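Student: give the three-dimensional model of this entry:
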Amino acid sequence: MEILLSISSLSMVVRLDGFHTLMSAVGAIFDIVKASGVEDAVTEVYGPCTTQHITSGKAIARALRGGR
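Tutor: I've put the predicted structure just below:
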């Protein structure tokens with residue numbers, strides 16, 4: 001994904017690496033399945049604060065471990 005920003009004579013291309021793309025994808029997946037009860041199951045294992053980080057896509061390693 002590339003976003004082109006131009007401010008006056010400054011041109012900059014912002015590219016999302018694989019990690020940031022994965023964060024976005026995990027956040028989107030949990031957004032879609034939010035009402036299915038997956039969030040409650042994750043809360044039983046990790047706790048409420050960690051669940052917020054996982055479902056927002058911030059805790060990628062925990063999200064991947066929890067998916068096993």
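Student: so what's the residue count around V33?
Tutor: 12 (other Cβ atoms under 10 Å). Yep, even glycine has a C-beta here, placed from its N, CA and C like the rest.
Student: measure it to E39 for me?
Tutor: 8 Å (Cβ to Cβ, to the nearest Å).
Student: please apply the same query to G27.
Tutor: According to Cβ to Cβ, G27 stands 13 Å off from E39.
Student: overlap in contacts, those two.
Tutor: Counting by Cβ atoms under 8 Å, 6 or more residues apart in numbering, the shared contacts of G27 and E39 are T55.
Student: show me what the lengthiest helix in the chain is packed up against.
Tutor: Assignment by DSSP state H gives helix 18-32 as the longest helix of the chain. For helix 18-32, the elements it packs on are helix 48-56, helix 60-66, judged by 3 or more Cβ pairs under 8 Å, 6 or more residues apart in numbering; DSSP states H and E.
Student: out of the ones you listed, flag the one nearest L16.
Tutor: Evaluated with Cβ to Cβ, the helices and strands packed on helix 18-32 place helix 60-66 nearest to L16, the distance being 13.7 Å.
Student: please name every helix or strand in contact with the closest one.
Tutor: Contact analysis of helix 60-66 by 3+ Cβ pairs under 8 Å, 6+ apart lists helix 18-32, helix 38-46, helix 48-56 as its packing neighbours.
Student: how about a cut-off of 6 Å?
Tutor: Using 3 or more Cβ pairs under 6 Å, 6 or more residues apart in numbering; DSSP states H and E, no helix or strand is in contact with helix 60-66.
Student: V14 versus the most centrally placed residue in the chain, what's the distance?
Tutor: The chain has G57 as the residue nearest its centroid, 2.3 Å off, counting by Cα atoms, centre = their mean. As judged by Cβ to Cβ, G57 and V14 stand 18 Å apart.
Student: which of the helices and strands packed on helix 18-32 sits closest to M23?
Tutor: Smallest distance to M23 across these (Cβ to Cβ): 6.1 Å, for helix 60-66.
Student: average pLDDT for the closest one?
Tutor: For helix 60-66, the mean per-residue pLDDT is 72.
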